[in-house]
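Peer 1: predicted coordinates and the sequence they were generated for:
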Amino acid sequence: MDVSFTNVAVVAAVAFAAPLALGLVPWLRLPAVVLEIVLGIVVGPQALGWATVDDAVQVLNLLGLAFLLLIAGLEVEFDRLRGRLLRVTGIGFVASFAIALAAGLGLNAAGVVKSPLLVAIMLSATSLGVVIPVLKDTGRADTPFGQLTIAGASIADIATVVLLSLFFSGESSGAGAKVVLLGGFAVLVAAVGVSIRGAQRSMRISAALVRLQDTTAQIRVRGAFLLLVVFVVLAEQFGLEAILGAFLAGAVLKLVDTDRAMTHPLFHRKLEAAGFGVFVPFFFVTSGLKFDLDALFASAGTVARVPLFLAALLAARGLPALLYRRLVGGGEAAAAGLLQATSLSFLVVAGQIGMQLGLLSTANGAALVAAGLPSVLLFPLAALTILRRETVPAGAYAAAP
């Protein structure tokens, strides 16, 4: 089989150029993933035609998706999901899903979408990978507001991945059978987690890991990659979506990482370097290559769906944040709602699955991703604006000349 690396080279060049361009223009507050998708569209078949999705690009694309979900699992703050925080954010997600389902049913009744449940799941997601850096960069990650926002985004991250895998995997078995399979898979995942915890307590294994972790073996990174691949394979064998296996691989690593470093302070950073440095950009640039620009601009009605989906996303994820007012006040609740309404990665992933299953038209898939782009651009900026006003002392505006 002849394999050409021409398309891989073009995608790699875009993956390198996007963050570099943003670094050279620091005043342009644009997430790199947005530019990666946009540049993917530009160099793809819909525009310049410099690259297409061949077998080599597709393999790297799938690895990028797996690493993206692995890192998403690593970012979930499980230790914060307890007590009143869990109760409030859990009720918030239920309200969020109810609003999203109502929006999906409305769009279905209007003949806009085929599957209201799929659209509801897509509208209920949050890009945790965008929310956490915003909170960390502003020094608010460990504040009550930050913990509340991260908890709400984490629940949305977990729930939407599980719901998508439960109802929209490629297998044809019913929801009841899927629940049984999901339960069996969860038991297997828990058993693997317990086994890893037990192995960590073995003096001999621990000594070997410490000895090999910074050599060319990079044994911990290899172990994480093995866990990722095994969980993806097992998820597919159980008739579930591969993304669930990838996400749970990250979750297991996070849960067994009791010292937050797997006995190595750079373990997570090494995984992020492999993921964000090599594989994840391939997923986003390839998503741009696959983006059907013609379908999006085929009619004015299709273009009009972009602000419609954006408004539905803001309503579904933003309005439930009103429940947070008693904990953090009205201003910070509004900021939390805007951050929770930030979504792109899951829209891309779920959109591709929906189109493969024939439950989402190409036009709607493109419109949903197009709606996710401004959510990542505008909502965090609006949230930061609100937070800056919240830090201004009372009477400051009155005292200003």
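Peer 2: Sure thing, it's come through.
Peer 1: what about residue 318, how many residues nearby?
Peer 2: 22 (other C-beta atoms under 10 Å). (C-beta placed from N, C-alpha, C; glycine too.)
Peer 1: do residue 289 as well
Peer 2: Using other C-beta under 10 Å, the number of residues around residue 289 comes to 26.
Peer 1: can you check residue 377 too?
Peer 2: When neighbours are counted by other C-beta under 10 Å, residue 377 registers 16.
Peer 1: centre of the chain to the one helix or strand it maps to, how far?
Peer 2: Residue 377 belongs to helix 362-390 when assigned by DSSP states H and E. Offset of helix 362-390 from its chain centre (C-alpha atoms, centre = their mean, to the nearest Å): 14 Å.
Peer 1: mind checking the pLDDT average for that helix?
Peer 2: For helix 362-390, mean pLDDT rounds to 87.
Peer 1: right, and residue 163 touches residue 122 too?
Peer 2: No: the criterion here is C-beta atoms under 8 Å, and residue 163 misses it with residue 122 at 10.0 Å.
Peer 1: those two: which has the busier surroundings?
Peer 2: It is residue 122, of residue 163 and residue 122, that has more neighbours when counted by other C-beta under 10 Å, with 33 against 18.
Peer 1: so where do the helices sit in the stretch 151-300 of the chain?
Peer 2: With helices called from DSSP state H, counting those that start in this stretch, the stretch 151-300 of the chain shows them at 175-200, 203-212, 219-237, 242-256, 267-274, 280-290, 293-296, 300-318.
Peer 1: return the most buried member of the ones you listed.
Peer 2: By mean neighbour count, with neighbours taken as mean count of other C-beta atoms under 10 Å, helix 280-290 ranks first of those at a mean of 27.
Peer 1: dump that one to CSV, keeping only the CA atoms.
Peer 2: What follows is helix 280-290, C-alpha atoms only, in CSV (Å, rounded to 0.1, in the frame of the first residue of the first chain):
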residue,chain,number,x,y,z
VAL,A,280,-5.0,16.8,19.1
PRO,A,281,-4.2,19.5,16.4
PHE,A,282,-4.6,16.9,13.7
PHE,A,283,-8.2,16.3,14.9
PHE,A,284,-9.1,20.0,14.8
VAL,A,285,-7.4,20.7,11.5
THR,A,286,-8.9,17.6,9.9
SER,A,287,-12.3,18.7,11.2
GLY,A,288,-11.7,21.8,9.1
LEU,A,289,-10.8,19.7,6.1
LYS,A,290,-14.0,17.8,6.5
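Peer 1: where does the prediction get shaky in the chain?
Peer 2: 1-3, 137, 169-177, 258-265, 390-401 (pLDDT under 70).
Peer 1: burial measure for residue 333, as a count.
Peer 2: Applying other C-beta under 10 Å, we find 23 residues neighbouring residue 333.
Peer 1: thinking again about what came up before, between helix 280-290 and the helix holding residue 377, find me the angle.
Peer 2: Between helix 362-390 and helix 280-290, the angle comes out at 130 degrees (axes from the mean of the first three to the mean of the last three C-alpha atoms, to 10 degrees).
Peer 1: counting by contacts, list what helix 362-390 packs against.
Peer 2: Packing contacts for helix 362-390, counted by 3 or more C-beta pairs under 8 Å, 6 or more residues apart in numbering; DSSP states H and E, involve helix 32-43, helix 128-137, helix 293-296, helix 300-318, helix 330-340, helix 345-356.
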